[in-house]
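S.K.: compute the structure for the input listed below.
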Amino acid sequence: MKAKTYNTIFLMLGLCTLAWMVYKIGVDTILDNVLKTGIWFLPVILIWFFIYLLNAFAFREIIYEKDLHHTNLSLAGVFKVTISGYAINYITPFIALGGEPYRVMELRQKLDANKATSSVLLYNMMHMLSHIVFWMLSVIVIIIFLKPTGAALIGGIATFVIFYGMLHWVYAKY
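M.R.: This next block holds a predicted model:
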């Protein structure tokens, strides 16, 4: 099948899923929660827009090859693939099982299959690595500023050691 057919199928599947979720939750409930969020709704949307934009920059940097100059791969296109990939991940029962194949499929239209697959895998590995580093730094900040004692301190140190082991595992696999 052509990419346009896949896009149409995924669009219809996504719209049906969205319609089903809106039906199950109820339009009144959704609007009520948006109104409860109040003035903070816009800043939350803007923060997530900025986060996804940073993810798109990182993803594009991974895709980009100095010698090949993928000029047909715009930041807007990578941003679209980034957001839609995360959206697919969020609606699938097991996170990160739907968005990645979709990203590969979309990138294959502009890149070869090997480059598309390796770019998606490398992006996910770097994304996991950034989370590990973030949580390691968070544990350090908690220990320094909150000065936990007893079981909380032991838990913090154990958490740091676990994340440190994960960091080494990621580097070994990379």
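
S.K.: relative to residue 2, how far out is the residue most central in space within the chain?
M.R.: Most central in the chain under CA atoms, centre = their mean is residue 86, positioned 5.1 Å from the mean C-alpha point. Distance of residue 86 to residue 2, given as CB to CB, to the nearest Å: 25 Å. C-betas here are computed from N, CA, C, even on glycine.

S.K.: which residues of this protein score low on pLDDT?
M.R.: Counting by pLDDT under 70, the ranges of the chain that qualify are 1, 3, 67-72, 95-96.

S.K.: quick one: the helices in it?
M.R.: 3-25, 27-37, 41-63, 75-91, 99-107, 113-146, 151-173 (DSSP state H).

S.K.: so which of those is the most packed in?
M.R.: helix 99-107 (a mean of 20; mean count of other CB atoms under 10 Å).

S.K.: which helices and strands sit right next to that one?
M.R.: Helix 99-107 sits against helix 3-25, helix 75-91, helix 113-146, with contacts defined as 3 or more CB pairs under 8 Å, 6 or more residues apart in numbering; DSSP states H and E.

S.K.: circling back: quick one: contacts for the residue nearest to the centre of the chain?
M.R.: Shown in contact with residue 86 (CB atoms under 8 Å, 6 or more residues apart in numbering): 52, 55, 99.
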